[in-house]
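Colleague: Below are the sequence and a predicted model for it; my questions follow.
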Protein chains: 2
Amino acid sequence: MKEKSIQDYYPDELSYCYGCGRLNEHGHHIQSFWDGDETIPHFTPEFYHIAIPGYVYGGLLASLIDCHGTGTAALVSYRAEEREPGTEPPFRFVTASLQVDYLKPTPLGPELELRGKILEQKGRKVISEITVSVKGEITVRGKVVAVQMPDDFSGEKNK
Amino acid sequence: MKEKSIQDYYPDELSYCYGCGRLNEHGHHIQSFWDGDETIPHFTPEFYHIAIPGYVYGGLLASLIDCHGTGTAALVSYRAEEREPGTEPPFRFVTASLQVDYLKPTPLGPELELRGKILEQKGRKVISEITVSVKGEITVRGKVVAVQMPDDFSGEKNK
């Protein structure tokens, strides 16, 4: 049986994110998993996700880091409470801030190797560092400050 | 005659960016213009660019800020040399780093109002602040460090 990602456990109504929602037909479907004490997603860009010819579009890289940051925050929160993802109450994070340093161009074609590490977890906030690498070489380094979605967040359209 | 954006002047071989390349059929086609001493793009997200229901996906907002940051850097560079866009040699920037602070959720539906201001221009580097607002309220604040593409940058695929 295929291992489930943290995004597979998000409640349906919160699963339409363009980056990582399993129910968004147009989206990237980023999926985040544990790998020891780090977190990883699997992602291969499409041919049209280009910046300058031969290299991955920086906005896509920022998007991957963003969604993997909130996914990592959820994974960490369940583990901190020694609970399995999918148990109640659910954890769902939003991004408060995102820092992305493009160290060198990221070649377009191969699967991207992203890794998340926790820098800090305090209260409703989780800060993670996310790196992107290709063939073992880190090309992008990001930092995501994720905060747990407010309990009173209705998610109503255009409120 | 419709005013040309700075992206309309990018050389063809550098016009496939997923965010702002006019020749990328799948992309966002972000366009950046002068508005006095500030720069503006026009952009309305698609219905599927959602994060949580009713709000714009943060990765898209980061993408808009990214491309408008490099577009702004090019606009500024031509103006600093008192040259018209399209004159030789062309200016084309890449993003060195991107900081995005999500101050509040950005409602999905209305056209987004982005504004770029120059914070610093020095040598081959331009730092700009880009805000996103909806109906006059700033929802996201970003900072882009753009650097002029190296002269020896070949842009060869998968190099």
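Modeller: Structure's in. What do you need?
Colleague: Starting from the worst-scoring helix or strand of chain A on mean pLDDT, tell me which strands it pairs with and how they run.
Modeller: None of the helices or strands of chain A scores lower by mean pLDDT, DSSP states H and E than strand A:38-43, at a mean of 92. Its sheet considered, strand A:38-43 pairs with strand A:32-35 (antiparallel), strand A:112-122 (antiparallel) by DSSP bridges.
Colleague: Moving C-terminal from the last one, which element do we reach first?
Modeller: Just to be clear, that refers to strand A:112-122. Moving toward the C-terminus from strand A:112-122, the next helix or strand (DSSP states H and E) is strand A:125-134.
Colleague: What angle do strand A:112-122 and that next one make with each other?
Modeller: Interaxial angle of strand A:125-134 relative to strand A:112-122 (axes from the mean of the first three to the mean of the last three CA atoms, to 10 degrees): 160 degrees.
Colleague: average pLDDT across strand A:125-134?
Modeller: Here strand A:125-134 scores 97 as its mean pLDDT.
Colleague: For whichever helix or strand comes after that strand, which outside residues touch it?
Modeller: Using DSSP H and E, the helix or strand that follows strand A:125-134 in sequence is strand A:137-148. Here strand A:137-148 makes contact (CB atoms under 8 Å, 6 or more residues apart in numbering or on different chains) with A:61-62, A:65-66, A:68-70, A:72-73, A:77, A:91-107, A:119, A:124-133. Placement of C-beta: from N, CA and C, glycine included.
Colleague: and if we set it to 6 Å?
Modeller: A:61, A:65, A:69-70, A:73, A:93, A:95-104, A:106, A:124-132 (CB atoms under 6 Å, 6 or more residues apart in numbering or on different chains).
Colleague: residues from chain A in reach of chain B?
Modeller: Applying CB under 6 Å from any CB of the partner chain, we find that chain A lies next to chain B at A:14, A:16-19, A:26, A:48-54, A:57-59, A:62-63, A:66, A:95-102, A:107, A:109, A:155-158.
Colleague: In helices only, show me those residues.
Modeller: Counting by DSSP state H, the part of the residues of chain A next to chain B found in helices is A:58-59, A:62-63, A:66.
Colleague: residues near the nearest residue in space to residue A:103 that is not next to it in sequence, how many?
Modeller: Residue nearest to residue A:103 in three dimensions, not counting chain neighbours: residue A:139, with 5.8 Å by CB to CB, 6 or more residues apart in numbering or on different chains. By other CB atoms under 10 Å in any protein chain shown, the residues close to residue A:139 number 20.
Colleague: Now do residue A:139 against residue B:69, distance only.
Modeller: Distance of residue A:139 to residue B:69, given as CB to CB, to the nearest Å: 19 Å.
Colleague: Over to residue A:5?
Modeller: Distance, residue A:5 to residue B:69, by CB to CB: 31 Å.
Colleague: more crowded one of the two?
Modeller: Per other CB under 10 Å, whichever of residue A:5 and residue B:69 has more neighbours is residue B:69, with 28 against 23.
Colleague: The nearest residue to residue A:84 once chain neighbours are set aside in helix, strand or coil?
Modeller: In this structure, residue A:84 finds its nearest non-sequential neighbour in residue A:78, 6.7 Å apart by CB to CB, 6+ apart. Put simply, residue A:78 is helix when judged by DSSP: H, G, I helix; E, B strand; the rest coil.
Colleague: I'd guessed residue A:78 sits against residue A:85; true?
Modeller: Yes: between residue A:78 and residue A:85 there is a contact under CB atoms under 6 Å: 5.1 Å.
Colleague: on that earlier part again, is it possible to get TSV of the ones in helices among the residues of chain A next to chain B that adds neighbour count and pLDDT?
Modeller: Listed next are these as TSV, based on neighbours: other CB atoms under 10 Å in any protein chain shown; pLDDT from 0 to 100:
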residue	neighbour count	pLDDT
A:58	29	97
A:59	29	97
A:62	28	98
A:63	29	97
A:66	31	97
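Colleague: Which of these lies at the shortest distance from residue A:151?
Modeller: Taking CB to CB as the measure, residue A:66 is the one of these closest to residue A:151, at 22.3 Å.
Colleague: residues in contact with that closest one?
Modeller: Shown in contact with residue A:66 (CB under 6 Å, 6+ apart): A:95, A:98, B:58-59.
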